[in-house]
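J.: Have a look; sequence and predicted model below, questions after that.
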Amino acid sequence: MGPISAVEKFLGILALLSMLVGSYVGLVVVPADAAQGNVQRLMYVHVPAAWLAFLAFFVVFVMSVLYLIQRDERWDRVAASSAEIGVVFTVVTLLLGMMWGKPTWGVFWTWDPRLTTTAILLAIYVGYGALRSFAEDGEKRARWSAIVGVIGFANVPIVYMSVTWWRTLHQPPSSPRSVAPDILWTLMLNLAAFTIVYIYLMVRRIRFARLEGELEKRMAYNA
Amino acid sequence: MSLLYRAWAIVWKDLLIEARTKQSFNAMVFFAALVLFIFSFALGPDTELLQQVAGGLLWVGIAFTGLLSLSRTYQNEETSGGLEGLRAYPGDPRAIYLGKLLGNIVLLLLVEAVLIPAAGILFQANLWPHALGLAAVSVLGTIGFSLVGTFYSALTVNLRAREVMLPLLLFPALVPVLLGAVNATTLILEGDLMGEAVVWLRVLGAFDIIFFVICIWIFPIALEE
């Protein structure tokens, strides 16, 4: 509690530096894609954002299971923090995807399985967040949201499969392009940078969650 | 008393109340008919267009109507602390879930038994040749819908904003059910020349089994006080 710890400061600086390096390499060092031109560079932030969103929701799932087994409010705080960060990066993923889709496909949105699943994923975790904000009692909020965290994540593969079948019955899926080594390592670099940003945001958000919990308890005590 | 017997007691109690008051059934049928009417007005009098999208319209109608009854799942218990009473009975709380689930399935299927023929008349589609297929879709779809719905309505029953929270949690979770039911219905109405409807019935069946296991397993935690 209290002031920002040295670890948090270090992580913050590391996150900023890795983002700067990742962006510089992605924007300047690596040559533009032969077929798509500069638009392809969006991939260096779009793919890491999507990876981070899925990572964040997986963490929510694991922490929800842990909470339901051990009933330790620490797990609830980690799950809530990760869900929030996951929602932010899902929105970023979708927006970046649209920016890429308009010049490449000619449309902002198409009912592609991955796009559709990501949008539904967003809806599931917005619901998770709304449930948290409507539940007043701390223990119930933790228990209910952990249940939604488990069911929501268990549903993702079923949603993905059903959406894939829905689309493939009508149109063939686009084939994945082979990825050049330059693109691959730039992507990896940005993946690492985004993961550091995630860890930094998590450390901060969990500290806030702990303070919020403390405040809630004191207000309940004073009331 | 065994689990099933206790569940049956809840089903019987709720259906008896419903049979005597008809508080849910009448409102649901009327509401469902209104939804179909609104769709017909919104899409214009083009019968061919209506027939093409009939499967989708029908299931959106069922989803909205089902939501009405789901949010009232525990209404009989709300007055004078009935839910606490149910919870206080000895034995497995899963019986409450099973009982409420069966009650919801029966009620929604009864509504569909009126709604689907009504849709056939409104959209001028001859449903008789497809009766068996449509029955299979509506049973599997209704089970999937009620499984998640009965569960989430227990979770949101004590919430301040449950009218908002229930659909917010429910509809994203129901995407596979809606996709399966709409596609199967549309294929069956078109004659299902390629035998694709079976794929969607399997999706519905798989969803039903997976969510039955998950919901039964987690329900006691959701009901804890």
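T.: Arrived safely.

J.: biggest helix in the chain, by residue count?
T.: Unless you meant another one, I'm taking chain A. In chain A, with assignment by DSSP state H, the single longest helix is helix A:181-222.

J.: ah, I was thinking of chain B
T.: Longest helix in chain B, counting by DSSP H: helix B:94-122.

J.: And the helices in the chain?
T.: All of this refers to chain A. A:6-24, A:43-70, A:73-105, A:113-134, A:138-168, A:181-222.

J.: hm, I was asking about chain B
T.: B:3-21, B:23-43, B:47-52, B:54-70, B:75-78, B:82-88, B:94-122, B:131-156, B:162-173, B:175-189, B:197-223.

J.: Which strands or helices does the last one pack on?
T.: Which is helix B:197-223. Using 3 or more Cβ pairs under 8 Å, 6 or more residues apart in numbering or on different chains; DSSP states H and E, the elements in contact with helix B:197-223 are helix A:138-168, helix B:94-122, helix B:131-156, helix B:175-189. Any C-beta I mention is one placed from the backbone N, CA and C, and that applies to glycine too.

J.: Quickly compare these and say which is most buried.
T.: Ranked by mean neighbour count, these are led by helix B:175-189 with a mean of 25 (mean count of other Cβ atoms under 10 Å in any protein chain shown).

J.: chain center to that helix: distance?
T.: 14 Å (Cα atoms, centre = their mean, to the nearest Å).

J.: does any part of it sit near chain A?
T.: Yes - counting by Cβ under 8 Å from any Cβ of the partner chain, chain A has neighbours in helix B:175-189: B:Val175, B:Pro176, B:Leu179, B:Gly180, B:Asn183.

J.: Around chain A, pick out the residues from chain B.
T.: B:148, B:151, B:155-156, B:158-161, B:164-165, B:168-169, B:171-173, B:175-176, B:179-180, B:183, B:196, B:199-200, B:203, B:206-207, B:210, B:214, B:218, B:221-222, B:224.

J.: I'd like to know which of the residues you listed are buried.
T.: B:148, B:151, B:155-156, B:158-159, B:165, B:168-169, B:171-173, B:175-176, B:179-180, B:183, B:196, B:200, B:203, B:206-207, B:210, B:214, B:218, B:221-222 (16 or more other Cβ atoms under 10 Å in any protein chain shown).

J.: Kindly provide the distance from B:Glu18 to B:Gly55.
T.: 28 Å (Cβ to Cβ, to the nearest Å).

J.: close enough to count as contact, B:Gly149 and B:Ile105?
T.: No - in terms of Cβ atoms under 8 Å, B:Gly149 does not count as a neighbour of B:Ile105; the distance is 9.9 Å.

J.: follow-up on the earlier one: please identify which pair of the residues of helix B:175-189 next to chain A lies farthest apart.
T.: B:Val175 and B:Asn183 (12.1 Å; Cβ to Cβ).

J.: any residues touching the lowest-mean-pLDDT helix or strand in chain B, and which ones?
T.: Every helix and strand of chain B was ranked by mean pLDDT, DSSP states H and E. The lowest is helix B:75-78, at a mean of 78. With Cβ atoms under 8 Å, 6 or more residues apart in numbering or on different chains as the test, helix B:75-78 has contacts from B:Lys13, B:Asp14, B:Ile17, B:Gly82, B:Leu83, B:Gly85, B:Leu86, B:Val157.

J.: Could you list every helix and strand that the least confident helix or strand in chain A by mean pLDDT packs against?
T.: Lowest on mean pLDDT, DSSP H and E among the helices and strands of chain A sits helix A:138-168, with a mean of 87. On a contact count with 3+ Cβ pairs under 8 Å, 6+ apart, helix A:138-168 meets helix A:43-70, helix A:73-105, helix A:113-134, helix A:181-222, helix B:131-156, helix B:162-173, helix B:175-189, helix B:197-223.

J.: Need the winner for burial among the ones you listed.
T.: Note that of the helices and strands packed on helix A:138-168, helix B:175-189 is the most buried (mean count of other Cβ under 10 Å), with a mean of 25.

J.: and the angle from that helix to helix B:197-223?
T.: Counting by axes from the mean of the first three to the mean of the last three Cα atoms, to 10 degrees, helix B:175-189 points 150 degrees away from the direction of helix B:197-223.

J.: And the contacts of helix B:175-189?
T.: With Cβ under 8 Å, 6+ apart, helix B:175-189 has contacts from A:120, A:155, A:158-159, A:161-163, A:165-166, A:169, B:51, B:54-56, B:58-59, B:62-63, B:125, B:127, B:130, B:133-134, B:137-138, B:140-141, B:144-145, B:148, B:196-197, B:200-201, B:203-204, B:207.

J.: where are the low-confidence patches of chain A?
T.: Chain A contains residues with pLDDT under 70 at A:1-3, A:168-179.

J.: Show me which residues of it are close to chain B?
T.: A:68, A:120, A:123-124, A:126-127, A:130-131, A:134-136, A:140, A:143-144, A:147-148, A:150-152, A:154-155, A:158-159, A:161-163, A:165-166, A:169.

J.: swap the cut-off to 7 Å and go again
T.: A:68, A:120, A:123-124, A:127, A:130-131, A:134-135, A:143-144, A:147-148, A:150-151, A:154-155, A:158-159, A:162-163, A:165-166, A:169 (Cβ under 7 Å from any Cβ of the partner chain).

J.: before we move on, back to that, looking at B:Glu18 and B:Gly55, which is more packed in?
T.: B:Gly55 (22 against 18; other Cβ atoms under 10 Å in any protein chain shown).

J.: contacting residues around the more buried one?
T.: Going by Cβ atoms under 7 Å, 6 or more residues apart in numbering or on different chains, B:Gly55 touches B:Val182, B:Thr185, B:Thr186, B:Leu189.

J.: And B:Phe64, by the same measure?
T.: B:Val35.

J.: switch to 8 Å and redo it
T.: B:Phe31, B:Ala32, B:Val35.

J.: Among these, which one lies nearest to A:Trp100?
T.: Using Cβ to Cβ, the contacts of B:Phe64 come closest to A:Trp100 at B:Val35, 37.8 Å.

J.: Hmm, B:Ala63 and the closest one touching each other?
T.: No - in this structure, B:Val35 is not within contact of B:Ala63 by Cβ under 8 Å, at 9.5 Å.

J.: Quick one: neighbours of residue 11, just the number.
T.: No chain specified, so I'll use chain A. 19.

J.: meant chain B, my bad for not saying
T.: By other Cβ under 10 Å, 18 other residues sit near B:Val11.

J.: same check, this time on B:Phe39
T.: By the measure other Cβ under 10 Å, the count of residues near B:Phe39 is 20.
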